[in-house]
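**Student:** Sequence and predicted model, in that order:
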Amino acid sequence: MSDDRVFTYNGGAVSPGETQNIRYGISETYLGDPVRIPATIVNGERDGPTVFLTAAAHGDELNGIEVVREVAHEWDLSTLAGTLVCLPVLNVPGFLAQQRYLPVYDRDLNRSFPGKAGSTSSKRMANRIYENFIAPCDFGLDFHTSTRGRTNMLHVRGDMTEDGVHRLAMAFGSNVIIDSDGPSGTLRGEATADGIPTITIEMGEAHRFQRGLIDDALGGVRSVFAEYDLLSADTVRWPG
């Protein structure tokens, strides 16, 4: 077995045909308690791209959590081509506190990427996430909702001047695509700048699980998987 088919992160490795469910340490609280995020890594037996699905960089945004969870734990991934990295809750402290930003520090994790070791708490967390789980990927989908007191229709955001982002956004199949390169420090913007095409999927309200939007987003994920031949049984859902 060649090493280039093994997905590695600091502290572990996932070989072809294996799945790992882990809680990965990205920081510690000011009291010294570990901060861990859930991660599921599925390395298929067939060759293919490495893709990440992320959600809850803002701790009160719940819809994406269920999207990523269902893909990781309810979909049949036995025929997966490539590697799937599922991170359903990036901002665990914010999720537990039911708030958007990192509690105590009041920092926006989604303005902290790619992060920096030895910097602020938010940048250290972002750095551990980015270096271990984002940098090894070929492309990715980052799920968000609106902030408290607002709502978003389901739409995609991405830098459509980038060919890889354009392909990814069109494959997701949303009828609305906002062409923007993203603010500095966002996961989408920094990953795309590093050559990892990434789109943001915005949908619905904070603090709620909205089944209809979740199902629509799952359809978009299936369409992306079909476009990139991760799951050959699926069909691409083009917008319109």
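**Tutor:** Good, I have the coordinates.

**Student:** So what does the closest residue to Ala13 other than its chain neighbours have for phi and psi?
**Tutor:** Among residues not flanking Ala13 along the chain, Val6 sits closest, at 5.2 Å (C-beta to C-beta, 6 or more residues apart in numbering). (Glycine included, C-beta is placed from N, CA and C.) Here is the backbone geometry of Val6 (degrees, to the nearest 10): phi -100, psi 130.

**Student:** what does Thr19 give?
**Tutor:** phi -130, psi 140.

**Student:** Check the gap between it and Ser78 for me.
**Tutor:** 10 Å (C-beta to C-beta, to the nearest Å).

**Student:** Nearest the geometric middle of the protein, what residue?
**Tutor:** Thr54 (1.7 Å; C-alpha atoms, centre = their mean).

**Student:** Mind naming the longest helix for the chain?
**Tutor:** helix 211-227 (DSSP state H).

**Student:** residues contacting Glu39?
**Tutor:** Wrong residue type there; residue 39 is Ala, not Glu. For Ala39, the contact set (C-beta atoms under 8 Å, 6 or more residues apart in numbering) comprises 20-24, 85-87, 133.

**Student:** Go ahead and list the helix or strand containing it.
**Tutor:** strand 34-43 (DSSP states H and E).

**Student:** Within its sheet, name the partner strands of that strand and how each one runs.
**Tutor:** Each strand paired with strand 34-43, and its direction, by DSSP bridges: strand 19-28 (antiparallel), strand 81-87 (antiparallel).

**Student:** now, of these, which is deepest in the fold?
**Tutor:** Comparing the strands paired with strand 34-43 by mean neighbour count (mean count of other C-beta atoms under 10 Å), strand 81-87 comes out on top with a mean of 23.

**Student:** Excluding its own residues, what touches it? List them.
**Tutor:** By C-beta under 8 Å, 6+ apart, strand 81-87 touches 7, 14, 37-44, 46-55, 68-69, 71-72, 77, 129, 133, 136-137, 228-232.

**Student:** Could you tell me which of these count as buried?
**Tutor:** Buried subset of these (neighbour count, 16 or more other C-beta atoms under 10 Å): 7, 14, 37-44, 48, 50-55, 68-69, 71-72, 77, 129, 133, 137, 228, 230-231.

**Student:** counting contacts, what elements does the host helix or strand of Leu154 pack onto?
**Tutor:** Element membership of Leu154 [criterion: DSSP H and E] is strand 152-158. With contacts defined as 3 or more C-beta pairs under 8 Å, 6 or more residues apart in numbering; DSSP states H and E, strand 152-158 has these neighbours: helix 163-172, strand 177-179, helix 187-193, strand 198-204, helix 211-227.

**Student:** of these, which approaches Arg150 most closely?
**Tutor:** Nearest to Arg150 among those is strand 198-204 (9.8 Å), distances taken as C-beta to C-beta.

**Student:** Partner strands of that closest one and their direction?
**Tutor:** Short version: by DSSP bridges, strand 198-204 pairs with strand 139-144 (parallel), strand 152-158 (antiparallel).

**Student:** Now the helices and strands packed on strand 152-158 in CSV, please, with extra columns for distance to Tyr105, mean pLDDT and mean neighbour count.
**Tutor:** Shown next, in CSV, are the helices and strands packed on strand 152-158 (distance: least, C-beta to C-beta, whole Å; pLDDT from 0 to 100; neighbours: other C-beta atoms under 10 Å):
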stretch, distance to Tyr105, mean pLDDT, mean neighbour count
helix 163-172, 31, 98, 20
strand 177-179, 29, 98, 15
helix 187-193, 18, 98, 23
strand 198-204, 23, 99, 27
helix 211-227, 29, 97, 20
